[in-house]
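J.: my questions concern the predicted model and sequence given below.
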Amino acid sequence: MISGSIDDRGDYELSRDNLHAALADFDQGIVLSEQTHDEYCLEDLYFFRAEVLVRLGRKAEARADLAHVRDDFVEWMPKRRSKADILADCER
């Protein structure tokens, strides 16, 4: 599960507000997950990448990533954050 460790590293970079490093990690995790057909972390990777993208002002890309995430998806990062929250940020 290579994508899981990349997911962890991306989460760490995101928590430090190192958005470009987090984006690179999530990009790499998505590519590896899709290449190996390992969907274990794929939804998380798309969700977190959408979070980074919206923070970078790349809202159309964030919305595209959220198409891969269930409508009721919620994560604690360190505060509660949902797909609906990120979509609302895309509208601002």
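T.: Happy to help now that I have it. Numbering: from 1, shown residues only.

J.: hey, let's count contacts and neighbours off CA atoms from now on
T.: Will do.

J.: okay, and for the chain, where does confidence drop off?
T.: Across the chain, the stretches falling below the confidence threshold (pLDDT under 70) are 1-4.

J.: tell me where it has strands.
T.: For the chain, the strands defined by DSSP state E cover 74-76, 80-82.

J.: who's in contact with the first one?
T.: Put plainly, it is strand 74-76. 80, 81, 82, 83 (CA atoms under 8 Å, 6 or more residues apart in numbering).

J.: let's go with 6 Å and repeat that
T.: Contacts to strand 74-76, defined as CA atoms under 6 Å, 6 or more residues apart in numbering, come from residues 81, 82.

J.: quick one: strands adjacent to it?
T.: strand 80-82 (antiparallel) (DSSP bridges).

J.: hang on, the earlier thing: got JSON lines for the strands of the chain, with distance to residue 37 and mean neighbour count too?
T.: Shown next, in JSON lines, are the strands of the chain (distance: least, CA to CA, whole Å; neighbours: other CA atoms under 10 Å):
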{"stretch": "strand 74-76", "distance to residue 37": "23", "mean neighbour count": "12"}
{"stretch": "strand 80-82", "distance to residue 37": "25", "mean neighbour count": "14"}
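
J.: would you list these in TSV and tack on distance to residue 89?
T.: Below are the strands of the chain laid out as TSV (distance: least, CA to CA, whole Å):
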stretch	distance to residue 89
strand 74-76	15
strand 80-82	11
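
J.: and the helices in the chain, which stretches?
T.: In the chain, helices defined by DSSP state H lie at 2-15, 19-36, 42-55, 59-66, 83-91, listed in chain order.

J.: comparing those, which comes out most buried?
T.: Comparing these by mean neighbour count (mean count of other CA atoms under 10 Å), helix 42-55 comes out on top with a mean of 24.
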